[in-house]
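Colleague: Okay, here's the prediction I keep looking at, along with the sequence it came from:
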Amino acid sequence: MNSWISFFKSNKNLILFGFLLTFFSGFGQTFLVSLFVPEILRSFDGLTNASFGSLYAAATVASAFSLPWAGRFIDVTDLRKFTWMVVGGLAVAILIFSQATSLIVLGIGLYGLRLAGQGLMSHTAITSMARYFDHVRGKAISITSLGHPAGSAVFPFIVAVLIQQWGWRYTLVGSAIFVALVLPPLLGWLLRNTETNPHTFRRIEEEKKNLSEKSKNEGVPTPTYRRIMGSKAFWLIAPGAIAIPLLNTAFFFYQIPLAEAKGWSTEWVAASFTGYAIAGALCMLFAGELIDRLSAARLFPFYLFPLLGALGLVIFFDSPWITPVYLILIGVSNGFGNPIKSALQAEVFGIEYLGTIRSLFTALMVISTAIGPAAVGFLLDAGFSYEEAFSFAAVYLVLTIMWNFRILYHKPE
C-alpha cells in the first residue's frame, strides 16, 4: 500500500488527469445514455425501443470506424491540444443531443457521444498512462481505469435527479456547459508541469531514434493500420482483447430476460451488481501491481478464466445464489483485463505509435459490443435456450484462452 501512496503522490497530477478523462467518459457510455431513453421515446412520435436501439447500434458502429482515424492524432499532437479537442467535441456532441428534434440530429448526437465520450476520452487517458510510465505502467493504468466504475457509480444518481428536476434537455445543456467550461482549464492545469509533446518526450525520442536506425538498416516502414493488422502480434492479441466486451455486453444486454428465464428477481440481480463493481475496482489495482512485477504478456493468457467460470455457472445452475457469484467473476476478468490489455499493447508494439495501435484495438472492441448482443439474439430467435446460447460462448472462450497462451512464446519482431 505504501508503494501505491508514494506512486500517487509523485505523479498525482498526471494520474488525476487520466482518472478525470475516464470518469467523464461516462457521458458516452451506455449506462448513462440509457437514463435518457424513456424521455427521448416520449419526445419523438413513433420512436420505439427497437428503433432507438438500432439507431444507437448504428451510431456505435460508425464511431468505431471513425476512432482509428481520430485516435491516431494523439501520436503527433501536443497532449493538451488533443485533450482540449476531444473535450470540446464531447461538449458539442452533448449539446447537439440535447437539441435533437429529428432522428438524423439525434443520431449525430449519439455518434458524437460514442466517439468523443466512450472512445476518445478513454483512449486519451489510457494511451497517456501507457506512454508516460514505464516500470510502473500497470499502476498508472489501473488507477486511471478506476474512473470507469467511479463514473458508473456516481453519474446515474446525479443525472436521474437532474432529469426529474430540469427535464432531459436542460440536463444535457447543463452538462455541455460544465464539460466545455470546467474540464479544459482543469485538465490543462493538471498537465502544466508535464512535457506533453510526443516529439520531445524523452522515451519517444529514443524509440524514434532506434526505429529510424532500424528502418535504414532493415527497411522497416512506418506502421499503418493495414501493416498492423497484418502483423503476427496483432492476431496474437486481438481475439483475447475483444472477448470481454463481446461477452460482457451480451450478458448485460440480456440480463433481465435471463433472470426471468431463471426465476430470479430483478431487484436481486440489480443488488448483485454491487459485487461486480467492487470486484472490478479491486482487481484493477491488483492487476497494476502484478503487471509491474511480472509483465502483461505473462498475465494475458489467464485473465479470461473467471469469465469462463461465470459462463459455467449460468449454463449449469438456476439457483439465485449464482447471480452475485457469476457477476463477481465477470468483474474479476474485467478488472484484470483492462489494465493487462492496455499494458500489453505498449509492451508488444512500443510507445511511439501507441495512439495508432490503441485506437485500432479500441475500435475493434467497440464493434464487438454491437456483435455480442446480436449474436446471442440470433441464437435465441433460432430457438436455442439461454443455456445453449451461452454454451456456444463458452466454447468460443475456451478456444480464445488456448490461443492467448501463444503470447508467452512471442518474440518481438
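Modeller: Everything's here; your move.

Colleague: by contact count, what packs against the one helix or strand residue 343 maps to?
Modeller: Using DSSP states H and E, the element containing residue 343 is helix 322-349. On a contact count with 3 or more C-beta pairs under 8 Å, 6 or more residues apart in numbering; DSSP states H and E, helix 322-349 meets helix 122-132, helix 137-145, helix 232-253, helix 266-294, helix 296-299, helix 305-316, helix 354-381. In short, each C-beta sits where N, CA and C put it, glycine included.

Colleague: mind giving me TSV with the ones you listed and columns for mean pLDDT, mean neighbour count and distance to residue 401?
Modeller: Below are the helices and strands packed on helix 322-349 laid out as TSV (pLDDT from 0 to 100; neighbours: other C-beta atoms under 10 Å; distance: least, C-beta to C-beta, whole Å):
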stretch	mean pLDDT	mean neighbour count	distance to residue 401
helix 122-132	87	27	23
helix 137-145	84	28	21
helix 232-253	86	21	8
helix 266-294	83	18	17
helix 296-299	90	20	13
helix 305-316	95	19	7
helix 354-381	81	20	16
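
Colleague: Now the ones you listed in JSON lines, please, with extra columns for distance to residue 92.
Modeller: Formatted as JSON lines, these follow (distance: least, C-beta to C-beta, whole Å):
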{"stretch": "helix 122-132", "distance to residue 92": "16"}
{"stretch": "helix 137-145", "distance to residue 92": "25"}
{"stretch": "helix 232-253", "distance to residue 92": "26"}
{"stretch": "helix 266-294", "distance to residue 92": "31"}
{"stretch": "helix 296-299", "distance to residue 92": "35"}
{"stretch": "helix 305-316", "distance to residue 92": "37"}
{"stretch": "helix 354-381", "distance to residue 92": "20"}
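
Colleague: Would you confirm that residue 65 contacts residue 363?
Modeller: Yes - when contacts are counted by C-beta atoms under 8 Å, residue 65 is listed as touching residue 363 (6.7 Å).

Colleague: show me the contacts for residue 52.
Modeller: 37, 40-41 (C-beta atoms under 8 Å, 6 or more residues apart in numbering).

Colleague: So which of these are in helices?
Modeller: With DSSP state H as the criterion, helices contain 37, 40-41 from among those.

Colleague: circling back: got the angle between the helix holding residue 343 and helix 305-316?
Modeller: Interaxial angle, helix 322-349 versus helix 305-316 (axes from the mean of the first three to the mean of the last three C-alpha atoms, to 10 degrees): 150 degrees.

Colleague: average model confidence for helix 322-349?
Modeller: Per-residue pLDDT over helix 322-349 has a mean of 89.

Colleague: do the same with stretch 158-176
Modeller: Mean predicted lDDT for stretch 158-176 stands at 92.

Colleague: Contacts for that stretch next, please.
Modeller: Residues outside stretch 158-176 that contact it (C-beta under 8 Å, 6+ apart): 27, 32, 35-36, 39-40, 43, 91-92, 94-95, 97-99.

Colleague: Could you pick out the buried ones from those?
Modeller: Neighbour-count burial (16 or more other C-beta atoms under 10 Å) applied to those gives 27, 32, 35-36, 40, 91-92, 94-95, 97-98.

Colleague: returning to what we had before: of the helices and strands packed on helix 322-349, which approaches residue 110 most closely?
Modeller: Across those, residue 110 has its closest neighbour in helix 354-381 (12.9 Å, C-beta to C-beta).

Colleague: Specify the next element, helix or strand, located C-terminal of that closest one.
Modeller: The first helix or strand that comes after helix 354-381 along the chain, using DSSP H and E, is helix 386-404.

Colleague: Show me which parts of that following helix are buried, residue by residue.
Modeller: By neighbour count on 16+ other C-beta under 10 Å, the buried set for helix 386-404 is 386, 389-391, 393-394, 396-397, 400-401, 403-404.

Colleague: Who are the contact partners of residue 49?
Modeller: 37, 41.

Colleague: For it, give me the pLDDT.
Modeller: The per-residue pLDDT reported for residue 49 equals 72.

Colleague: Determine which of the helices and strands packed on helix 322-349 approaches residue 11 most closely.
Modeller: helix 137-145 (7.2 Å).

Colleague: Which strands and helices lie in contact with the closest one?
Modeller: Contacts defined by 3+ C-beta pairs under 8 Å, 6+ apart place helix 137-145 against helix 2-24, helix 122-132, helix 266-294, helix 322-349.

Colleague: swap the cut-off to 10 Å and go again
Modeller: Counting contacts by 3 or more C-beta pairs under 10 Å, 6 or more residues apart in numbering; DSSP states H and E, helix 137-145 is packed against helix 2-24, helix 122-132, helix 266-294, helix 296-299, helix 322-349.

Colleague: quick one: buried residues of the following helix or strand past that helix?
Modeller: Counting by DSSP H and E, the next helix or strand C-terminal to helix 137-145 is helix 147-166. For helix 147-166, a neighbour-count test (16+ other C-beta under 10 Å) marks 147-152, 155, 159, 162-163 as buried.

Colleague: Just give me the least confident of the residues you listed.
Modeller: Lowest in pLDDT among these is residue 152, which has 77.

Colleague: just checking, it touches residue 35?
Modeller: No - using C-beta atoms under 10 Å as the test, residue 152 is too far from residue 35 to be in contact (11.5 Å).

Colleague: overlap in contacts of those two?
Modeller: Residues touching both residue 152 and residue 35 (C-beta atoms under 10 Å, 6 or more residues apart in numbering): there are none.

Colleague: related to what we said a few turns ago, closest one of the ones in helices among the contacts of residue 52 to residue 315?
Modeller: Distances from residue 315 to the ones in helices among the contacts of residue 52, taken as C-beta to C-beta, are shortest for residue 37 (30.6 Å).
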